[in-house]
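Peer 1: Got a sequence here, can you model it:
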Amino acid sequence: MLSLADIQLLYCRDGGRQYSGEPVTQLEHALQTAHLAEQSGASDELVTACLLHDLGHMLNDQGETPTLRGVDDTHQYYALPFLRGLFPDAVLDAIKLHVDAKRYLCQANAGYHARLSDDSKRSLALQGGVFDDLQASTFLQQAGARDAVLLRQWDDLAKQPALETPPLAHFLERAARCAAIV
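Peer 2: Numbers count the residues shown, from 1 in each chain. Here you go, the predicted structure:
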């Protein structure tokens, strides 16, 4: 299990890496996603999930833009064992389901797929493609699905070069508040 200090160290050590196929770093993407959630009035748990949703990319480094090589790094699952015990299910479920939320949004919103970045489109194919009606319905019945949809929408917007956000320490304070209730 990671501690909050371990998470801070991981972002300090690897957060400067380019976020696969996007014009931001891993840390910039995490901070932007959490910032968008915070601006929308999200709970500490959802803001924390937004901050940590792509932690699996850093824990399971597959090199630059693995989708170009046909690799799905299953990042949404990879981080969970490292975070379980530190955070409640409200954080973990949103992280676990944020990839399926993309698959759901492609099915539920006709224009959503066209707005995805090229890397997100490649990863979508590797992650199983667009949900059918039954898969979409089943997805929505899972705990954390609605939060995962919100996370995913902020995730898509969190790729803006030089966007000002609060620092990592600000969001780790919010993470500490929900870690304390485990």
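Peer 1: Can you report how many residues neighbour residue 83?
Peer 2: 22 (other CB atoms under 10 Å). For the C-beta atoms, the positions are set from N, CA and C on the backbone; glycine is no exception.
Peer 1: Identify the residues contacting it.
Peer 2: If a contact means CB atoms under 8 Å, 6 or more residues apart in numbering, then residue 83 has 1, 2, 52, 55, 91, 92, 95 as its contacts.
Peer 1: From residue 121, how far out is it?
Peer 2: Using CB to CB, to the nearest Å, we find residue 83 at a distance of 28 Å from residue 121.
Peer 1: And residue 165, by the same measure?
Peer 2: Distance from residue 165 to residue 121, by CB to CB: 26 Å.
Peer 1: between those two, who's got more neighbours?
Peer 2: Comparing residue 165 with residue 121 by neighbour count (other CB under 10 Å), the higher total belongs to residue 165, at 20 against 15.
Peer 1: Quick check: pLDDT value at the more buried one.
Peer 2: For residue 165, the model assigns a pLDDT of 98.
Peer 1: Do you know the pLDDT at the residue nearest the centre of the chain?
Peer 2: Using CA atoms, centre = their mean, the residue of the chain that lies closest to the mean C-alpha position is residue 53, 2.8 Å off. pLDDT for residue 53: 96.
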